[in-house]
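**Q** What would the 3D arrangement of this be:
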Amino acid sequence: MYFFLFAAALAGGALNAVAGGGSFIALPALLSAGVLPVAANATTTFALWPGSISSVLAYRREVLDVRGSVVGLGITSLVGGLLGGWLLLKTSDARFLRLLPWLMLASALTFSFGGQLTARLRHSQAGGRSTVRESSSIHMPFWIFVFQLVIAAYGGYFGGGMGIMMLAALAVAGMTNMHAMNGIKALLAVAINGVALVEFVAGGAIVWPPGFVMAAGAIVGGYAGAALARRADPSSIRLIAVGVAWIMTIYFFLR
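**A** Have a look, this model is predicted:
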């Protein structure tokens, strides 16, 4: 069983590093191994969280460039992540299993079409301006904090497609530098999942032996995925990720 979970996390970590969507592999693997639904979701968050930290380190320069925009969004993300984690712990396994196909569907739709939406929004916001460097004092409209609170609550509860939702919100808010947007997204994801993890640990929701095995697999997979990203065609890998997302979504609707 542990070899199977390690392999699933390896694939999920690699997918996250290249195109995102690693939870579409990690969560079903834990469920098939007999882990209860709520615990499987919490353990997936634990297993894939280290990869988010490495992404922040990779984008640390871009995050520093826009540090003035991060503080408010970070606080909002912490509040939303706490709310989402609390809601998950209050959800029964039976209810979560009923919600799971719909959560998967929302994630699959976001994952399939969110990238195109973000690209169009970014292009319309750019308006011919340079996207080389963002200012550290970008003005964020009030609505983005409300939207980020909702995204963060969703992320603390489930999280699939959360990153693409954040990219779309940042594009609408006026950001044009994709590297800076990715850096903010990665940092906020660490905050959201990190604070939810504290609740999961305190609530005893994480199954530790599979969790540690999958965390190791995700770290190895994330490193390998980063190396693969430099050589492979990103659009082809994204098509594979989208395919996995829809296969898993259909499976959970039919089971």
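
**Q** low pLDDT regions in the stretch 1-150 of the chain?
**A** Low-confidence segments of the stretch 1-150 of the chain, defined by pLDDT under 70: 18-19, 115, 117-119, 121-139.

**Q** residues of stretch 73-84 that come out buried?
**A** 73, 74, 76, 77, 78, 79, 80, 81, 82, 83, 84 (16 or more other Cβ atoms under 10 Å). (C-beta placed from N, C-alpha, C; glycine too.)

**Q** which stretches of the stretch 101-250 of the chain form helices?
**A** For the stretch 101-250 of the chain, helices defined by DSSP state H, counting those that start in this stretch occupy the ranges 142-157, 162-172, 178-202, 208-229, 234-254.

**Q** Most tightly packed of the ones you listed?
**A** Counting by mean count of other Cβ atoms under 10 Å, helix 162-172 has the highest mean neighbour count of those, with a mean of 24.

**Q** Would you format the helices of the stretch 101-250 of the chain as TSV with distance to residue 43 included?
**A** Formatted as TSV, the helices of the stretch 101-250 of the chain follow (distance: least, Cβ to Cβ, whole Å):
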stretch	distance to residue 43
helix 142-157	15
helix 162-172	17
helix 178-202	8
helix 208-229	5
helix 234-254	17
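
**Q** Of all the ones you listed, which one comes closest to residue 11?
**A** Across the helices of the stretch 101-250 of the chain, residue 11 has its closest neighbour in helix 208-229 (6.3 Å, Cβ to Cβ).

**Q** For the closest one, list the C-alpha coordinates in CSV.
**A** Extracted as CSV, the C-alpha positions of helix 208-229 are listed here (Å, rounded to 0.1, in the frame of the first residue of the first chain):
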residue,chain,number,x,y,z
TRP,A,208,0.4,10.2,9.7
PRO,A,209,2.0,7.0,8.2
PRO,A,210,0.4,7.5,4.7
GLY,A,211,0.9,11.2,5.1
PHE,A,212,4.7,11.1,5.6
VAL,A,213,5.1,8.5,2.8
MET,A,214,3.1,10.8,0.4
ALA,A,215,4.9,13.9,1.5
ALA,A,216,8.2,12.2,0.6
GLY,A,217,6.8,11.2,-2.7
ALA,A,218,5.5,14.7,-3.4
ILE,A,219,8.9,16.3,-2.7
VAL,A,220,10.7,13.9,-5.0
GLY,A,221,8.0,14.3,-7.6
GLY,A,222,8.0,18.1,-7.3
TYR,A,223,11.8,18.2,-7.9
ALA,A,224,11.5,15.8,-10.9
GLY,A,225,8.5,17.8,-12.3
ALA,A,226,10.5,21.0,-12.2
ALA,A,227,13.3,19.3,-14.2
LEU,A,228,10.7,17.9,-16.6
ALA,A,229,9.1,21.3,-17.0
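
**Q** what about it, average pLDDT?
**A** On average, the pLDDT along helix 208-229 is 84.

**Q** pretty sure residue 163 is in contact with residue 185, am I right?
**A** Yes: here residue 163 reaches residue 185: they are 5.2 Å apart, a contact under Cβ atoms under 8 Å.

**Q** still on that earlier bit, which among the helices of the stretch 101-250 of the chain is found nearest to residue 50?
**A** helix 208-229 (5.5 Å).

**Q** what packs against the closest one?
**A** helix 2-18, helix 23-32, helix 37-58 (3 or more Cβ pairs under 8 Å, 6 or more residues apart in numbering; DSSP states H and E).
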